[in-house]
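J.: got a structure for you, letters missing:
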Ligand code: CUA
């Protein structure tokens, strides 16, 4: 069964086209653009050197098999084995060091209009938006950011080391318990990307991901304003069942008595691209399956199974959560 759910998660990613949205070679952010250029420079340089070495090898093996005098052999070793690699490596190092301030623009980050605080947990992401005006807005397992504006991310961990990474937007950064790491990103194109956890953190490390949505600034601001207030709730029975079965002791849902802080904030679950921290499409069926047997979808997660509930109750809770837009 476990394999079945992992397979269904993998086929969702492949079928949705969402899988293509995590390539470092399709940059959609300022930092990622520079990383992609660095990659192509390295790749072309490496390919040229490889072609040169293979060419020399073929030349000496096929066309020029005479022995070399010791003096000319030493000269080849000196130029080809010492001078050329040292000069190439120094040039690459200088280029990478020159890129570095652009890849970690801390000075600009402090002036960012939006700070997003992300905390890694086994195996999900707690997200709090701190706009320059207005109160903080809590969310989980999804990062949204405005296109063309610099955003500062403060990264923490509540348990073990995780690593935050949105490949099309920029480089990765570790989330270390007891430390706050800072990352700054600027999306240049709107899109929906996938952010994987990039540091082994336990059983479900490979199932710890999030969706990153880069939106036009106006759309982003209205989205954030809507997130700041409780979602209009439909389906009173689902809400009552959610509370009666104790879901509210771990999860927070704005506008209800569910005030838990152990699990992901579910206030606007229905508006997220994925559920289960980036692994399942956001459908009622996926939410119901997660509630019934979380360990099948995410082994090692601390959420208990609720498959002892009548299936209709699970459905009603899932439908209510999906309705929280
Ligand atoms: Cu969190 Cu790997």
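T.: Yep, it's here. These numbers come from a predicted model, not from an experiment.
J.: quick one: least confident helix or strand in the chain?
T.: helix 2-16 (a mean of 52; mean pLDDT, DSSP states H and E).
J.: now the next helix or strand along the chain from that helix: buried residues?
T.: Using DSSP states H and E, the helix or strand that follows helix 2-16 in sequence is helix 30-58. Within helix 30-58, the residues that qualify as buried are 30, 31, 32, 33, 34, 35, 36, counting by 16 or more other Cβ atoms under 10 Å. In this view, the C-beta of every residue, glycine as well, is placed from N, C-alpha and C.
J.: ditto for stretch 228-235
T.: Neighbour-count burial for stretch 228-235, counted by 16+ other Cβ under 10 Å, picks out 228, 231, 235.
J.: tell me the mean pLDDT for it?
T.: For stretch 228-235, mean pLDDT rounds to 80.
J.: go on, stretch 185-197?
T.: Here stretch 185-197 scores 93 as its mean pLDDT.
J.: what distance separates the opening and closing residues of it?
T.: Stretch 185-197 has an end-to-end distance of 17 Å (Cα to Cα, to the nearest Å).
J.: same thing with stretch 65-78?
T.: 21 Å.
J.: got the residues of the stretch 101-250 of the chain near the ligand?
T.: Residues of the stretch 101-250 of the chain found near the ligand (Cβ under 6 Å from any ligand atom) are 120, 123, 162, 197, 199, 200, 201, 205, 208.
J.: residues in contact with the fourth one?
T.: What it means is residue 197. 120, 123, 162, 163, 164, 165, 205, 208, 209 (Cβ atoms under 8 Å, 6 or more residues apart in numbering).
J.: and the third one, what are its phi and psi?
T.: Listed backbone geometry of residue 162 is phi -120, psi 180, with angles given as degrees, to the nearest 10.
J.: most proximal residue of the stretch 1-150 of the chain with respect to the ligand?
T.: The ligand sits closest to residue 120 of the stretch 1-150 of the chain, with a gap of 5.4 Å, by Cβ to the nearest ligand atom.
J.: SS state for that residue?
T.: strand (DSSP: H, G, I helix; E, B strand; the rest coil).
J.: show the contacting residues for the residue lying closest to it once chain neighbours are set aside.
T.: Sequence neighbours aside, residue 162 is the residue nearest to residue 120 in space, at 3.1 Å (criterion: Cβ to Cβ, 6 or more residues apart in numbering). By Cβ under 8 Å, 6+ apart, the contact set of residue 162 is 120, 121, 174, 175, 197, 199, 201, 208.
J.: give me the spatial nearest neighbour of the third one, chain neighbours excluded.
T.: I take that to be residue 174. Computed as Cβ to Cβ, 6+ apart, the closest residue to residue 174 that is not its neighbour in sequence is residue 163, at 4.9 Å.
J.: follow-up on the earlier one: redo the buried residues of stretch 228-235 as TSV? Include secondary structure and distance to residue 258.
T.: TSV is the format used below for those (DSSP: H, G, I helix; E, B strand; the rest coil; distance: Cβ to Cβ, whole Å):
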residue	secondary structure	distance to residue 258
228	coil	17
231	coil	12
235	coil	14
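J.: out of those, who's nearest residue 282?
T.: Using Cβ to Cβ, residue 231 comes nearest to residue 282 of the buried residues of stretch 228-235, at 13.8 Å.
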